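Asks: sequence-free structure coming up:
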């Protein structure tokens, strides 16, 4: 069993599905552009990572929206999703409340974790979403949720998303092995953006496709090229259906794109291809594709963008109006 490199999709999807994928991608980007503005608004002069309304590190996923849109289009609200330290696009695609997520990013009391977790620790029982700053940490919890679904006789599935650097972690391999052994209803997704922080993929991984590793654990593996949202949708559809049917796990790797730095403030001097990145932006590329297919026109694009802008503006306003946690409650929500 070897991994298959999936070519670009040929437009077999219906217009509402394609429009839905586009709408999700635009919403995710609009949200992150707003977070980017707010994050940098008061960190000067220069760049002080500890200053401002949103202090600390910030990892944004611009360019990786096709993964979130294509995978999450097949998930139900009760399905579980675990993500990485770069989680916003996935949380948005899975239906997380934008206001609560924004409030958590701003460290406010009305956030998902009452402002205690920040953007790398989004936990939402309503959408069964979680993420962590620990590399490959989301894989074992996804197995636990998949195991619970299996034991309950449910057709709920779990999806665990990680970066290409995490595919070299022990937790990755242990999780694939156990999922295959117990035929758990889980889909593993690797976002290959070519860089593990500042280390090129070629300097860290011995094989060209992490999807090839699926064969070692007796599960299907597929690599999606070209950051193609429709090809991701097709691959994820097969993997999720297989999991729901009780046929066990699958592994999908998507060759995607990190348009911005590993974190905000990263000058990215290590990226020789940086000048070419804007031309590879997947959102205008997909917009052109849908225009050519007659799915989008100027009016439809304007409506999608306006809807996204309004939702994001409301979320940011909600976050800013939420109170800062009382320092006297620092010990709350902590296991003693």
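Replies: Good, I have the coordinates. These figures come from a predicted structure and were not determined experimentally.

Asks: if you go through the stretch 101-250 of the chain in chain order, where are the helices?
Replies: Remark: helices assigned in the stretch 101-250 of the chain by DSSP state H, counting those that start in this stretch are 139-152, 170-182, 229-244.

Asks: Tell me which of those helices lies nearest to residue 316.
Replies: Residue 316 lies closest, by CB to CB, to one member of those: helix 229-244, at 25.8 Å. Where C-beta positions appear, they are placed from N, C-alpha and C, glycine not excepted.

Asks: what packs against the closest one?
Replies: Packing partners of helix 229-244 (3 or more CB pairs under 8 Å, 6 or more residues apart in numbering; DSSP states H and E): strand 4-6, helix 15-40, helix 65-72, strand 186-192, strand 221-224, strand 250-255.

Asks: got a markdown table for the ones you listed, with mean neighbour count, mean pLDDT and distance to residue 115 too?
Replies: Formatted as a markdown table, the helices and strands packed on helix 229-244 follow (neighbours: other CB atoms under 10 Å; pLDDT from 0 to 100; distance: least, CB to CB, whole Å):
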| stretch | mean neighbour count | mean pLDDT | distance to residue 115 |
| --- | --- | --- | --- |
| strand 4-6 | 16 | 62 | 41 |
| helix 15-40 | 20 | 98 | 15 |
| helix 65-72 | 29 | 98 | 24 |
| strand 186-192 | 29 | 98 | 27 |
| strand 221-224 | 26 | 98 | 36 |
| strand 250-255 | 27 | 98 | 32 |
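
Asks: Ok, which of those comes nearest residue 126?
Replies: Once those are compared by CB to CB, helix 65-72 is nearest, at 14.7 Å.

Asks: name the helices or strands packed onto the closest one?
Replies: helix 15-40, helix 88-93, strand 158-163, strand 186-192, helix 229-244, strand 250-255, helix 282-292.

Asks: most centrally placed residue in this structure?
Replies: Centroid-nearest residue in the chain, with CA atoms, centre = their mean: residue 90, separated by 3.3 Å.

Asks: how close does that residue sit to residue 67?
Replies: 8 Å (CB to CB, to the nearest Å).

Asks: ditto for residue 120
Replies: For residue 120 relative to residue 67 (CB to CB), the value is 18 Å.

Asks: Just give me the neighbour total for residue 246.
Replies: For residue 246, the count of nearby residues is 12 (other CB atoms under 10 Å).

Asks: Quick check, it in contact with residue 186.
Replies: No. Contact criterion CB atoms under 8 Å: residue 246 and residue 186 do not qualify, at 11.9 Å.

Asks: residues bridging contact with residue 90 and residue 67, i.e. touching both?
Replies: Both residue 90 and residue 67 are in contact with residue 161, where contact means CB atoms under 8 Å, 6 or more residues apart in numbering.

Asks: quick one: contacts for residue 243?
Replies: 146, 157, 184-187, 249-250.

Asks: Excluding covalently adjacent residues, which one is nearest to it?
Replies: Once flanking residues are discounted, residue 243 sits nearest to residue 185: 3.9 Å by CB to CB, 6 or more residues apart in numbering.

Asks: That neighbour contacts residue 159, doesn't it?
Replies: No. Using CB under 8 Å, residue 185 makes no contact with residue 159, being 9.9 Å away.

Asks: Please tell me how far residue 259 sits from residue 268.
Replies: Relative to residue 268, and taking CB to CB, residue 259 is found at 10 Å.

Asks: Actually, residue 242.
Replies: 38 Å.

Asks: follow-up on the earlier one: could you say which of the helices of the stretch 101-250 of the chain is packed most deeply?
Replies: Comparing those by mean neighbour count (mean count of other CB atoms under 10 Å), helix 229-244 comes out on top with a mean of 22.

Asks: now the angle from it to helix 15-40?
Replies: For helix 229-244 against helix 15-40, the angle by axes from the mean of the first three to the mean of the last three CA atoms, to 10 degrees is 100 degrees.

Asks: Helix 229-244 vs helix 170-182, what angle?
Replies: Using the same axes, to 10 degrees: helix 229-244 against helix 170-182 is 50 degrees.

Asks: okay, the angle between helix 229-244 and strand 250-255?
Replies: Using the same axes, to 10 degrees: helix 229-244 against strand 250-255 is 170 degrees.

Asks: in this protein, what secondary structure element scores lowest on mean pLDDT?
Replies: strand 4-6 (a mean of 62; mean pLDDT, DSSP states H and E).

Asks: low-scoring pLDDT stretches of this structure, where are they?
Replies: Counting by pLDDT under 70, the chain shows low-confidence ranges at 1-2, 4-11, 336.

Asks: how about a cut-off of 50?
Replies: Counting by pLDDT under 50, the chain shows low-confidence ranges at 1, 7-11.

Asks: Touching, residue 171 and residue 132? I think so.
Replies: No. Between residue 171 and residue 132 there is no contact under CB under 8 Å: 11.0 Å.
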